[in-house]
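> no sequence for this one, just the structure:
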């Protein structure tokens, strides 16, 4: 029986080989979701079909072309990409519970449909599936330990962020440490793991790691800027959701350095800030050029990412990596 | 520097060797909890010191004496026991969020102290720590895959239970499938993993698995009975918390077979049941001997557990396994 093809996001149409490999990634995930209760299984499988962009698996697959590729290694890189996307899905489900988000990619989130309890256990289940896939396809126990430790860092990044909420004294260094764990870590692991499956040299795998790390840093800073600026592509207005939730990101941290006296009385109101007061905060952030400075730092990380990328060996994958990273960081996707 | 000894539950005092090994288990867990934010680290470490009974690691350690033990294998069995206890802690934290439980072992639960968000990420973090420890000490990738798949079963058991809530048609078979995943699986893995580290024969590891499975089945049935009967040892009154939450366990399922017409109108009220109505349900369960029948089934599983135990090779560990299982299933601990 032919395995039905799972459609992936239309952004991959210009890259047929990658598109087909990403479909295989989704098939690997789907084949590992096996639950006694078929209705529960269907709810979790809906996530696989929900049309996420699959950025992290795409980086894994592209980086799996850095070294030498045999057929077996390709299967392995697809499996590792599947494991990392499963991990990403698990953290998204738990993030949506925590942020009380109602929609993700235009679909109602699992906790809205099925309740928080179901969402918590579904996320836990996906964590386990991630490890099943990894242990089935990892090259060595040492690689697996490395992956498990990387995942720990992602979670401690999230814990750090929760704990830092409403802390007016958050420094730029604190912020960078936090996003390094929370976001950059998974991009770095995705690129690194791809390189490892292709038997790349140690120098090449380190370049892949660094590239992923810098991409993740730039990606998260830009994401945080969008909360202040809105997003022209999706027509999203600035929501200032982070400040509402006490998550103080880079534009605000820059502004706090310039105008602490003006900002502290607002921030002391914590969750009681009105929409009008939030707009006043936004005006101060704009006046102190918090957004501009943040954009400049994101550009520095983008530059560093492209420098690492440039040092990788020649190949078609490199062109695609370049285009993908440019699109991602200009937020055209 | 000497590593400070972490006190374990006083129930282990009659077994000095096991007591000392269980202290090592806690030390292994503690040494793997490393978080940038030391206050968060301290909150999670409090769990390690909270005085849980450590039943599952005790079974792992005892079963690690079934085969031949060298020094290295002892270290491995302590690590595997630590990984399984970490997994247990992760699921407890998430269970407490889901059940909205305020206390565990007499201490306020993590979500009461730090909020649901913190509790969800802490549990996720402990899942990752569990896998880090496993991948560091597992003998082979195949063992790890086996462990990951076992964990999946535990989570799908929990999901099944959530989904089966308020379903008056739950059969005895449904119930047994559910507790087999939710509870018996972790006891079975604990016993099996201990046996594996001791290079026991295939027959012996299967006996250990079966013993753990039957112990887990009896343990959960007895736990469910206590919700109807209260617990003489802890002076706990019957709380009927399961029925309140729509979790229909064995005593009620037996009663539903005898008196569906009497019980359905009550159960249709779901979460709106009054304390008085709950007492009326309890009276029907007692009249139809639902509790007696459940106890009889728990005894059957206990018998099967002891039969598997009896077939294991002679040794001191066997006596301790026997005493522990008897205590556990008579609920003297």
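It's in. Everything numeric here is computed off the predicted structure, so don't read it as measured data.

> below-threshold pLDDT in chain A: ranges please.
Chain A contains residues with pLDDT under 70 at A:1-4, A:71-72, A:104-106, A:231-237, A:331-333.

> what's the spacing between the closest residue to chain B within the stretch 201-333 of chain A and residue A:145?
The stretch 201-333 of chain A approaches chain B most closely through residue A:245 (9.9 Å), counting by C-beta to the nearest C-beta. For every residue, glycine as well, the C-beta is placed using N, CA and C. To residue A:145, residue A:245 is 34 Å away according to C-beta to C-beta, to the nearest Å.

> same check, this time on residue A:86
For residue A:86, the distance to residue A:145 - C-beta to C-beta - is 18 Å.

> quick one, which of the two is more surrounded?
A side-by-side neighbour count of residue A:86 and residue A:145, using other C-beta atoms under 10 Å in any protein chain shown, places residue A:86 first with 27 against 20.

> chain neighbours aside, what residue packs nearest to the more buried one?
Among residues not flanking residue A:86 along the chain, residue A:130 sits closest, at 4.2 Å (C-beta to C-beta, 6 or more residues apart in numbering or on different chains).

> next one: the one you found from residue A:190, what distance?
Residue A:130 sits at a distance of 13 Å from residue A:190 (criterion: C-beta to C-beta).

> list residues touching both of these two?
Listed contacts common to residue A:130 and residue A:190 are residue A:84; contacts here mean C-beta atoms under 8 Å, 6 or more residues apart in numbering or on different chains.

> of the two, who's got more company?
Neighbours were counted for residue A:130 and for residue A:190 using other C-beta under 10 Å; residue A:190 has more, 31 against 28.

> that one: what secondary structure?
Three-state assignment for residue A:190 (DSSP: H, G, I helix; E, B strand; the rest coil): helix.

> would you mind listing what in the stretch 1-150 of chain A touches chain B?
A:35-37, A:39-40, A:90-91, A:94, A:97-98, A:115-118, A:120-125, A:127-129, A:131-132, A:134-136, A:138, A:140-141, A:144-145, A:147-149 (C-beta under 8 Å from any C-beta of the partner chain).

> report the buried members of these.
Among the residues of the stretch 1-150 of chain A next to chain B, the ones that count as buried by 16 or more other C-beta atoms under 10 Å in any protein chain shown are A:35-37, A:40, A:90-91, A:94, A:97-98, A:116-118, A:120-125, A:127-129, A:131-132, A:134-136, A:138, A:141, A:144-145, A:147-149.

> show me these that map onto helices.
Counted as lying in helices by DSSP state H, out of those, are A:40, A:90-91, A:94, A:97-98, A:116-118, A:120-125, A:127-129, A:131-132, A:134-136, A:141, A:144-145, A:147-149.

> quick check, stretch A:271-291 touching chain B?
No. Counting by C-beta under 8 Å from any C-beta, chain B has no neighbours in stretch A:271-291; the shortest distance is 12.8 Å.

> any buried residues in that stretch, and which?
Neighbour-count burial for stretch A:271-291 flags A:273, A:278, A:281-282, A:284-285, A:288, A:290-291 (criterion: 16+ other C-beta under 10 Å).

> sorry, back to before: and the residue nearest to residue A:86, how close does it get to residue A:154?
According to C-beta to C-beta, residue A:130 and residue A:154 sit 12 Å apart.

> please enumerate the shared neighbours of those two.
Residues touching both residue A:130 and residue A:154 by C-beta under 8 Å, 6+ apart: residue A:87.

> now the helices for the stretch 151-300 of chain A?
Counting by DSSP state H, counting those that start in this stretch, one finds helices in the stretch 151-300 of chain A at the ranges A:172-179, A:185-197, A:202-229, A:241-244, A:250-258, A:260-267, A:275-287, A:290-310.
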